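**Q** What would the 3D arrangement of this be:
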Amino acid sequence: MSLRAELVRFALRRLVKRRRGSGTVASTRRGLAALEAYVPSPPPGTQTTAVHAGGVKASRITTPRSRPDRIVLHLHGGAYVIGSPSIYRHVTWRIASATCAAVLSIDYRLAPEHPFPAALEDAVAAYRSLLADGTDPRRIAVIGDSAGGGLAFAMLLKLRDDGVALPAAVAALSAWTDLALASPSVRLNADADPMANVEQIARAARQYLADADPRTPYASPLYGDPTGLPPTLLQVGSDEVLRDDTVLMADRLRAAGCRVELEVWPRMPHAWHLFAPLLPEADRAIARVGAFVRRELDGPSFGSTLQGRSHHSAGRII
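**A** Below is the predicted model of the structure:
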């Protein structure tokens, strides 16, 4: 673990975790809007275009490395109550370069104004629009972090259940897959996690779910049957409150015969990928995501079938 990562952990504990429990959605959004001015802009050669994908506002990001026949559907994090493609602009261009693909980052509707299943509906609509435009599902990958990681799995379950051709790969980063907050690490890592505040996560879950059952698979994919889902890369920090949302999801995928790679990164904060280029571990993690996506999009078709293959990968400590 780098010295920079230790400093980031210290700063997050002092400046983020201690303050998050009392903030309202409105105040958090205002703070995020103010922070947006300081998010680094993409380098020259990056093109960002405002588009609509199935009626959903989105940004399409390409770099000189992006291939026109490859698409990454990007689902941002933010506990379903905050976040936008613009706040991720320093990450999405890196994903585009690492995967050699165009990135479609969607601005899905947020709770509490738009509770479940609004975000799911928007993600499904955006994916269906890619197919309607003629994109080969074997050349589509889905990448999401935190709530976006859980949303990615929820979307895949819905698409599979509706008989829609699935993408070739999914990468879920610090994914939130259990809105019931029943994973053991929610309790075990409550103090160790330098960033996440359990009280605020629980409040966000209630705001997103409204009257829905927290164990419904389209909201909490950990409780669904993942049979037939595409090859998956999972990355999570060892001290995260949501660590076991990822570890248990990997277990369920393996049990269902899906191909899955699990990476547990020591002492990384939640969704540390967002700290690129400050953290060398963020750059390395994004590079690993890129290599995984490139391999799957170049390989045999998994995305056009509903049957997973029984190839497993053991979890590993990075």
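**Q** quick one: low-confidence parts of this protein?
**A** Counting by pLDDT under 70, the chain contains low-confidence residues at 18-22, 300-318.
**Q** where along it do the helices fall?
**A** All helices of the chain, identified by DSSP state H, fall at 3-12, 18-20, 25-36, 89-99, 118-132, 147-161, 184-188, 198-209, 243-255, 280-298.
**Q** Identify each buried residue in the last one, please.
**A** The one in question is helix 280-298. For helix 280-298, the neighbour count (16 or more other CB atoms under 10 Å) marks 281-283, 285-286, 288-290, 292-294, 296-297 as buried. Heads up, the C-betas are built off the backbone N, CA and C, glycines and all.
**Q** before we move on, what about stretch 157-172?
**A** 157-160, 164-172.
**Q** out of those residues, who's nearest Pro44?
**A** If you rank those by distance to Pro44 using CB to CB, Ala171 comes first, at 26.7 Å.
**Q** out of the buried residues of helix 280-298, which one sits closest to Ala132?
**A** Using CB to CB, the shortest approach to Ala132 within the buried residues of helix 280-298 belongs to Leu297, at 19.8 Å.
**Q** Hmm, Ile71 and that closest one touching each other?
**A** No. Here Leu297 lies out of contact with Ile71, judged by CB atoms under 8 Å, at a distance of 9.3 Å.
**Q** burial measure for Pro44, as a count.
**A** 7 (other CB atoms under 10 Å).
**Q** could you measure it against Leu120, distance?
**A** Here Pro44 is placed at a distance of 36 Å from Leu120 (CB to CB, to the nearest Å).
**Q** And for Asp162?
**A** With distances taken as CB to CB, Asp162 is found 12 Å from Leu120.
**Q** what does Ser183 give?
**A** Distance check for Ser183 against Leu120: by CB to CB, it reads 21 Å.
**Q** Which one's more surrounded, those two?
**A** When Ser183 and Leu120 are compared on other CB under 10 Å, the one with more neighbours turns out to be Ser183, at 22 against 18.
**Q** Identify the residue nearest the more buried one in space, chain neighbours excluded?
**A** Closest residue in space to Ser183, ignoring its immediate chain neighbours: Asp244 at 3.7 Å, by CB to CB, 6 or more residues apart in numbering.
**Q** Could you list every helix and strand that the lengthiest strand in the chain packs against?
**A** For the chain, the longest strand by residue count, based on DSSP state E, is strand 67-75. Strand 67-75 makes packing contacts with helix 89-99, strand 101-106, helix 118-132, strand 140-145, helix 147-161 when contacts are defined by 3 or more CB pairs under 8 Å, 6 or more residues apart in numbering; DSSP states H and E.
**Q** List of residues touching the first one?
**A** Counting by CB atoms under 8 Å, 6 or more residues apart in numbering, helix 89-99 makes contact with 39-43, 46, 48, 59, 61-63, 65-66, 70, 72, 74, 85, 101-103, 105, 141, 143, 273-274, 276, 283, 286-287, 289-291, 293-294, 297, all of which sit outside it.
**Q** Which among those count as buried?
**A** Using 16+ other CB under 10 Å, the buried ones in those are 42, 46, 48, 59, 61-63, 66, 70, 72, 74, 85, 101-103, 105, 141, 143, 273-274, 276, 283, 286, 289-290, 293-294, 297.
**Q** Thanks a lot, see you next time.
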